[in-house]
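Undergrad: Quick one, what's the 3D model for this:
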Amino acid sequence: MSLLELIERADERALAASAVACLDRCLPLLAGPEGAEPLRPLWASCEDGREWAIRLTAVRTAMDHESVTDGPAARVRAMLGAAPSDFAPAPLREWADACSLVALEIHGRFDAPDGDAPHDADPLKAARGGAAAELGPLVAGELERQVRILEILAETAGTAGSGAGVRKALDLSTEGRRVLRAVMSRRARIRG
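TA: Okay, here's the model as predicted:
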């Protein structure tokens, strides 16, 4: 099943967790390579939406002190700002879809040797729709993580182990964040 189909079929829990996961993986752009994990409160609300709006406000407030130095970091901050306060399918689906695309575009920027964003979004759109597309290794890995997170959450929806699904999504996201941190560190060393 394609990423777009998974997003379309996802419930509130999966939509919230997949969007928070996209933010989480891009967090090194805002919090720096050794930054804290300010999204933990949102992860705690993904299971049932309990205190979602309150925790979202707290995370936004905590992230306000982070300096935004470039376009990708500003996009991550905008993704957080666009998060809906309502834990409902329609706004969460729109947000999850937007977060997915932005995360893929940001990873595409780090795939580019010069760090510039690729100008052609067609391969990303094709890949999200399930079509074969030539993607760089970071984008391909990010796409795979997004699909796997939604699959895990769909498999565990409505089961006694649904909390374990969110935990697995968090683990996959943490792995993706480490990858982006490593790329950022390597780029920083190269640029001197």
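Undergrad: which secondary structure elements does the one helix or strand residue 180 maps to contact?
TA: Element membership for residue 180, per DSSP states H and E: helix 162-191. Packing partners of helix 162-191 (3 or more CB pairs under 8 Å, 6 or more residues apart in numbering; DSSP states H and E): helix 12-26, helix 28-31, helix 40-46, helix 89-111, helix 137-156. Just so you know, the C-beta spots here come from the backbone N, C-alpha and C atoms, and that holds for glycine as well.
Undergrad: any idea of the angle the fourth one forms with helix 12-26?
TA: Computed by axes from the mean of the first three to the mean of the last three CA atoms, to 10 degrees, the angle separating helix 89-111 from helix 12-26 equals 20 degrees.
Undergrad: buried set for helix 89-111?
TA: 91-93, 95-111 (16 or more other CB atoms under 10 Å).
Undergrad: For residue 10, give me its contacts.
TA: Residue 10 makes contact with 18, 93, 96, 150, 153, 154 under the criterion CB atoms under 8 Å, 6 or more residues apart in numbering.
Undergrad: Need these in TSV (columns: distance to residue 38).
TA: Shown next, in TSV, are those (distance: CB to CB, whole Å):
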residue	distance to residue 38
18	18
93	24
96	19
150	23
153	22
154	27
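Undergrad: Just give me the closest of those to residue 37.
TA: residue 18 (17.5 Å; CB to CB).
Undergrad: Quick check, that closest one in contact with residue 169.
TA: Yes: here residue 18 reaches residue 169: they are 7.3 Å apart, a contact under CB atoms under 8 Å.
Undergrad: Which neighbours do these two have in common?
TA: With CB under 8 Å, 6+ apart, residue 18 and residue 169 have common neighbours 149, 153.
Undergrad: These two: who's more crowded?
TA: For residue 18 versus residue 169, neighbours defined as other CB atoms under 10 Å are more numerous around residue 18 (31 against 27).
Undergrad: what sits against that one?
TA: Counted by CB under 8 Å, 6+ apart, residue 18 has contacts 7, 10, 96, 99, 100, 146, 149, 150, 153, 169.
Undergrad: Of those, just say which sits nearest to residue 190.
TA: residue 146 (27.7 Å).
Undergrad: measure that closest one to residue 51 for me?
TA: Remark: distance between residue 146 and residue 51 (CB to CB, to the nearest Å) = 25 Å.
Undergrad: can you pull the contacts of the residue nearest in space to the middle of the chain?
TA: A centroid search over the chain (CA atoms, centre = their mean) returns residue 22, at 0.2 Å, as the residue closest to the centre. Going by CB under 8 Å, 6+ apart, residue 22 touches 79, 96, 99, 100, 102, 103, 146.
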